[in-house]
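S.K.: Mind looking at a prediction? Sequence and model below.
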Amino acid sequence: QVRKATMMRGDVGVDKNGRHVIYTVLMGAPAVLSVVDVATGDVVANHPLPDTSGAWGVLVSTDGTVYLGAYNQGYLYRFDPKTEELKNLGHPFKTNDTVLYPPVATADGKVYGGSYPSGHAYEYDPQKEAFRDLGDMTTVTAKERWIRVTVHDPKTNKLYFGIGNQPQLVEYDLDNGQKRDLLPPKYKDITSVYDLNVEGGRLFCRKESHNPFEYFVLNAETGEEVMLTNADTGETTNVFLNASRGLSPKSPIANKMYYSALDRHMYEYNLDNNSFKKLDANVQGPITGYSWVKLNDPAWPGHTLVGTVGNSGQMYKFGPETGKAEVTPIEYEGQPVNIHDIESGPDGRIYTGGYLAGNMGIFDPATSKIEHMHGSGQTEGLVFVGNKLYMGVYPNARIYEYDTDKPWNPGSVWNMDDPQPRNPQQIFSLQDNPDIAGFTNQDRPFGMAGSEDMGSLFAGTVPKNGMLGGALAVWDVKERGEPEVHWNIVPDQSIVALAYKDGMVYGGSSVYGGMGVTPKAKEAELFVWDVAKREKVFSVVPAPGKPAICQLHVGPDGNIWGLAGGVVFVFDPAKRGIIYSKDEFPSVASRYRDGSLITGKDGNVYGTLANKLFRIDADTKKLTVLATGAEKVAQDKQGRLYTYGSPITEMHQIELPELVGTADKE
């Protein structure tokens, strides 16, 4: 249903024919190692990566071997350019961590990296073909934690790890195993050290924080902060802005490093005097991979900086001798993307959003055709208000509006001068709100509901990693403008499920915040929000002991039906009380987005939970499991059901006589 060519990182090496090539991993099911000829921009090879969906880390080692640090299964892969053998080296740890983040190689070919959620670091020795667990690099062992990035200083033989969610910058001495945390106390309120470089005895650190593009620089020996000079203004500062994944390696011809900022232009960092300045060279996006290459091309004399730019993996070249930059679009083949959400539209079509890569698929039951829509992000929630589809997109809790009556045109970073209006277009973001004291940055808009009569859109969110306290946004779809934002209305809880009826929004909370933070609350609440009064007027715990209410639905009886863990409950809005509750799936432990509920054309409730599709008799409440391998459910105008889950890239259509027959009679 959903396809996209998306990648996180890229690196440059040499293939068996002696060509300079870019190695990058396309997200998919399975992921694909793609090889691009630097000279032509052609994709010359694709190698499927079985058992994984993508790779945060792409590393050409010092011996030319390519290593891929994968996620969802946490495997390390090795690709030999000479033999084109791709091998799964397995898990570095007995804990079977699910994510390996960008690694680094030393001069002897050993590879070092870190993981999530244990926060352990590993060594891979290609001579012994063996892993070594270097241990937990974090100080907190009871929570989710991750080593976002690993770098190595060959002059001191020390590793440096950027760590979250309890932020640390850990130095690890490979000669004696000693470690210390260099992160200054003033930065202990960030979520993590997200990107990292070490060069000239200095550490270049990207903060995962309120401003995710801020870098600071430390003296690697003393841990003291280095003051910087903005060469364009002459101002002294302690931070600089960099939208790219780290900085380039030091130039072979000057004591300088390079990066691209938010304005898409290249900048240089002068290591001689710790200054930075903007260059007249546009690379059209944030850089995701850097390599210095000598090209056999008179247009690119000397050493050229080559790599990938943006998550679409386009190729850039930058020549410091000429000051010229060039971006080459690469025609990657879109890979199958896991379905993350599903919604039926008023036009009778079925809409699916993709994970992690994003994009959308639209299935027309009348023709059985699929449209692959490119350019949208990872949707956490979908809802229609009239003919407009509203998409809650991660990260930064961005809300997009797609007018289904108009052509799809999300725009492109490669054509910023496109005169056509963007569709879908971002209407607001809940990442920041300086007007609300204590507001935590929001990230995941799971809860989505709307009212066509009232002309309102409602969005509920989960904050960023390491934070608690969700937000409820109310947006006028007719008057537009800025949303009305209410934060932390269920103290220290996220808002992950919403339903609307008769001027009231019904919300379901989760005690969990962003990943890696310990909840303060013990059980989830169902709350009632009066839209006109702009306040919470009622709350109740519908399923004692359950940490999350992940689904709410206005049922055929006019009551609010919900799922909390494995509990199915019914809330009477008039009496404001729970009138039915039964733990149908006791083993389910909900967090954010488990389950779904809809009303079938036969007047019963259909839903998914615990990977099962079920029907609940609206009168007797008897639950009947209809199928397995089901994540969420939607319904077309003929009464056919749609679900996904086995495999997650494919959507299934289910015809039940009682549903389709009812629709036909109508």
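M.R.: Received it, and whenever you're ready, just let me know what you need.
S.K.: And the strands in the stretch 51-200 of the chain?
M.R.: Along the stretch 51-200 of the chain, counting by DSSP state E, counting those that start in this stretch, strands occupy 54-60, 66-71, 76-80, 85-88, 99-100, 104-105, 111-116, 120-125, 130-136, 146-153, 158-164, 168-173, 179-181, 192-199.
S.K.: of all those strands, which lies closest to Gly513?
M.R.: Among these, the nearest to Gly513 by CB to CB is strand 158-164 (13.8 Å). For glycine as for every other residue, the C-beta is placed from the backbone atoms N, C-alpha and C.
S.K.: one step back: in CSV: the strands of the stretch 51-200 of the chain, plus mean pLDDT and mean neighbour count.
M.R.: Formatted as CSV, the strands of the stretch 51-200 of the chain follow (pLDDT from 0 to 100; neighbours: other CB atoms under 10 Å):
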stretch, mean pLDDT, mean neighbour count
strand 54-60, 95, 25
strand 66-71, 96, 25
strand 76-80, 98, 21
strand 85-88, 97, 13
strand 99-100, 96, 26
strand 104-105, 98, 21
strand 111-116, 96, 26
strand 120-125, 97, 21
strand 130-136, 96, 15
strand 146-153, 96, 24
strand 158-164, 96, 25
strand 168-173, 97, 20
strand 179-181, 96, 15
strand 192-199, 96, 23
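S.K.: Redo these as TSV? Include distance to Gln551.
M.R.: Compiled in TSV, the strands of the stretch 51-200 of the chain are given as follows (distance: least, CB to CB, whole Å):
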stretch	distance to Gln551
strand 54-60	28
strand 66-71	27
strand 76-80	37
strand 85-88	37
strand 99-100	27
strand 104-105	43
strand 111-116	27
strand 120-125	35
strand 130-136	36
strand 146-153	29
strand 158-164	30
strand 168-173	37
strand 179-181	42
strand 192-199	31
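S.K.: how close does Asp432 get to Asn282?
M.R.: Distance of Asp432 to Asn282, computed by CB to CB, to the nearest Å: 27 Å.
S.K.: Tell me the secondary structure at Tyr506.
M.R.: strand (DSSP: H, G, I helix; E, B strand; the rest coil).
S.K.: what's the neighbour count on Ile613?
M.R.: For the record, residue 613 is Leu, not Ile. 24 (other CB atoms under 10 Å).
S.K.: can you pull the contacts of it?
M.R.: Neighbouring residues of Leu613 by CB atoms under 8 Å, 6 or more residues apart in numbering: Tyr606, Gly607, Val625, Leu626, Ala627, Thr628, Ala630, Val633, Leu641, Thr643, Ile654.
S.K.: So which of these is the closest to Ala5?
M.R.: Thr643 (26.3 Å).
S.K.: show me what contacts the closest residue to the closest one other than its chain neighbours?
M.R.: Leaving aside its sequence neighbours, Thr643 sits nearest to Ala630 (CB to CB, 6 or more residues apart in numbering; 4.2 Å). Applying CB under 8 Å, 6+ apart to Ala630 gives the contacts Thr608, Asn611, Lys612, Leu613, Thr643, Tyr644, Gly645, Ser646, His652.
S.K.: With secondary structure, pLDDT and distance to Val337 as added columns, please give the contacts of Leu613 in TSV.
M.R.: Shown next, in TSV, are the contacts of Leu613 (DSSP: H, G, I helix; E, B strand; the rest coil; pLDDT from 0 to 100; distance: CB to CB, whole Å):
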residue	secondary structure	pLDDT	distance to Val337
Tyr606	strand	98	25
Gly607	strand	98	24
Val625	strand	97	28
Leu626	strand	96	26
Ala627	strand	95	23
Thr628	strand	95	22
Ala630	coil	95	18
Val633	strand	97	19
Leu641	strand	97	22
Thr643	strand	97	17
Ile654	strand	96	22
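S.K.: Now do Asn230, the pLDDT please.
M.R.: What the model reports for Asn230 is a pLDDT of 98.
S.K.: I figured it was touching Lys278, is that so?
M.R.: No: look at Asn230 against Lys278 with CB atoms under 8 Å: they stay out of range, at 9.4 Å.
S.K.: what touches both of these two?
M.R.: Common neighbours of Asn230 and Lys278 (CB under 8 Å, 6+ apart) do not exist.
S.K.: Tell me how far the longest strand seen in the chain lies from the chain's centre.
M.R.: Looking across the chain with DSSP state E, the single longest strand is strand 442-451. How far strand 442-451 lies from its chain's middle: 16 Å, per CA atoms, centre = their mean, to the nearest Å.
S.K.: coming back round to it: the strands of the stretch 51-200 of the chain: which one's closest to Ser494?
M.R.: It's strand 158-164; of these, that one is closest to Ser494 (CB to CB) at 18.5 Å.
S.K.: OK, contacts around the closest residue in space to Asp341 that isn't next to it in sequence?
M.R.: Spatial nearest neighbour of Asp341, excluding adjacent residues (CB to CB, 6+ apart): Gly353 at 4.6 Å. By CB under 8 Å, 6+ apart, the contact set of Gly353 is Val2, Ile339, His340, Asp341, Ile342, Asn359, Met360, Ser376, Gln378, Thr379, Leu382, Met391.
S.K.: quick one: the residue nearest to Thr643 from Tyr644, how far?
M.R.: Taking CB to CB, one finds Ala630 at 7 Å from Tyr644.
S.K.: can you pull out the strands in the stretch 501-650 of the chain?
M.R.: 504-510, 526-530, 535-540, 549-554, 560-564, 567-572, 577-583, 596-599, 605-609, 612-616, 623-628, 633-635, 641-644.
S.K.: for those, which one ends up most surrounded?
M.R.: Ranked by mean neighbour count, these are led by strand 560-564 with a mean of 28 (mean count of other CB atoms under 10 Å).
S.K.: Listing partners with orientation, what would you give for it?
M.R.: Counting by DSSP bridges, the strands paired with strand 560-564 are strand 549-554 (antiparallel), strand 567-572 (antiparallel).
S.K.: Just put the ones you listed in TSV and tack on distance to Asn88 and mean pLDDT.
M.R.: Formatted as TSV, the strands paired with strand 560-564 follow (distance: least, CB to CB, whole Å; pLDDT from 0 to 100):
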stretch	distance to Asn88	mean pLDDT
strand 549-554	34	98
strand 567-572	40	98
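S.K.: Of all the ones you listed, which one is nearest Val309?
M.R.: Here strand 549-554 is closest among these (CB to CB), at 37.5 Å.
S.K.: and the angle for that closest one with strand 442-451?
M.R.: The directions of strand 549-554 and strand 442-451 differ by 10 degrees, with axes from the mean of the first three to the mean of the last three CA atoms, to 10 degrees as the criterion.
S.K.: Contacts for strand 549-554, please.
M.R.: 496-501, 506-510, 524-526, 542-543, 560-564, 590-599, 605, 607.
S.K.: chain center to it: distance?
M.R.: The answer for strand 549-554 is 24 Å, by CA atoms, centre = their mean.
S.K.: Kindly report the same for stretch 306-316.
M.R.: 18 Å.
S.K.: ok, back up a step: find the residues that touch each one of Ala630 and Tyr644.
M.R.: Contacts common to Ala630 and Tyr644, judged by CB under 8 Å, 6+ apart, are His652.
S.K.: So which helix or strand of the chain has the lowest pLDDT on average?
M.R.: Within the chain, no helix or strand scores below helix 657-665, which has a mean of 68 by mean pLDDT, DSSP states H and E.
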